[in-house]
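Peer 1: The sequence isn't on hand, but the structure is:
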């Protein structure tokens, strides 16, 4: 603003100087050519010059200073848009903050499935029916069979003793049916002893040890014919190895589908009495896991190989969530305080239907 004023005043000064120079030049020329008559002419010219100069000074600054105010509004609109970056920065952090809660729901469903399959395995171990604290004793015969076939000519004495021909086995089933016996499962017996679940008037349990193939080819069709169920105790390593003379896993699946129970007879049929703890765990869990894997069921009963066991054997199988154990002790008395020592009646190849009748009526 001040520079523009200075320029205007400088212009006025230049004009005044030029005018003075012109006047002086004219005065000098007149004085040279014509001598003044008197001092009165000089006196008259001085007021004229002064009034002329003052009029120039009055008129000239007005138009020069008028455009100066027009420069004032020019920076005002220029400065106003410079403040626009402040609203531009405001929305930038807003979407960044709103995306943080999006991570929370994403991680929540991811953690839930990873925890549900680990605590929910295919075979959930359960301790069995919870005892109600009542001591119960039930007289339930548990028949123990092995081979259901005629022994070969070169059979040893054990094979001949334990081989029940199919026609004799059928006579046993016919006798039981005609005399009103009802086959029950081992689970039914355990629930009766621990919870008081009622049983039929004449219950009986049929069991088969070792898992021989003739139990599938000869005993299984007869069981279905007479409407009886049974429990089969298999040596799991022999089944997995597909040893000749033993059932396969596919055949055992058919038994399960027909309502039969499958129990453990150990991995490889050893004497379990006096064995180290880790060996017993290997036998118990190994046979249990094989049955679970191949058949999709959890075995709840162990038939001790050759009837050999001790307190540590019972403790290991109980801790592996087995419900009961079967011995070869002769008798029919089953007790709620001795679930891992259930008694059985051994059926031999020479036993007829009459022999079966006598065994069932013995005062054990």
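Peer 2: Here it is on my side, so go on. Because the structure is predicted, anything quoted here is derived from the model rather than measured.

Peer 1: rest of the way, CA atoms for contacts and neighbours
Peer 2: Will do.

Peer 1: got a list of what the residue nearest to residue 290 when sequence neighbours are not counted touches?
Peer 2: Using C-alpha to C-alpha, 6 or more residues apart in numbering and skipping residues adjacent in sequence, the residue nearest residue 290 is residue 236, 6.6 Å away. Neighbouring residues of residue 236 by C-alpha atoms under 8 Å, 6 or more residues apart in numbering: 264, 265, 266, 267, 268, 287, 290, 291.

Peer 1: neighbours around the last one, how many?
Peer 2: Using other C-alpha atoms under 10 Å as the criterion, residue 291 is surrounded by 21 other residues.

Peer 1: got a pLDDT number for it?
Peer 2: Note on residue 291: pLDDT of 98.

Peer 1: Thought residue 298 was touching it, still the case?
Peer 2: Yes. With contact defined as C-alpha atoms under 8 Å, residue 291 reaches residue 298; the gap is 6.8 Å.

Peer 1: picking that back up, tell me the two of the contacts of residue 236 that are most distant?
Peer 2: Farthest pair in the contacts of residue 236 (C-alpha to C-alpha) is 268 and 291. Separation: 13.7 Å.

Peer 1: and the helix or strand hosting residue 250, which residues are buried?
Peer 2: Assigned by DSSP states H and E, residue 250 belongs to helix 249-257. Neighbour counts over helix 249-257 (16 or more other C-alpha atoms under 10 Å) mark 249, 252, 253, 255, 256 as buried.

Peer 1: One more: stretch 316-328?
Peer 2: 316, 317, 318, 320, 321, 322, 323, 324, 325, 326, 327, 328.

Peer 1: Straight-line length of that stretch, end to end?
Peer 2: By C-alpha to C-alpha, to the nearest Å, the extent of stretch 316-328 from end to end equals 19 Å.

Peer 1: and what of stretch 266-280?
Peer 2: Distance across stretch 266-280, first residue to last, is 9 Å (C-alpha to C-alpha).

Peer 1: quick one on the thing from earlier: rebuild the contacts of residue 236 as a markdown table, extending it with secondary structure.
Peer 2: Compiled in a markdown table, the contacts of residue 236 are given as follows (DSSP: H, G, I helix; E, B strand; the rest coil):
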| residue | secondary structure |
| --- | --- |
| 264 | strand |
| 265 | coil |
| 266 | coil |
| 267 | coil |
| 268 | coil |
| 287 | helix |
| 290 | helix |
| 291 | helix |
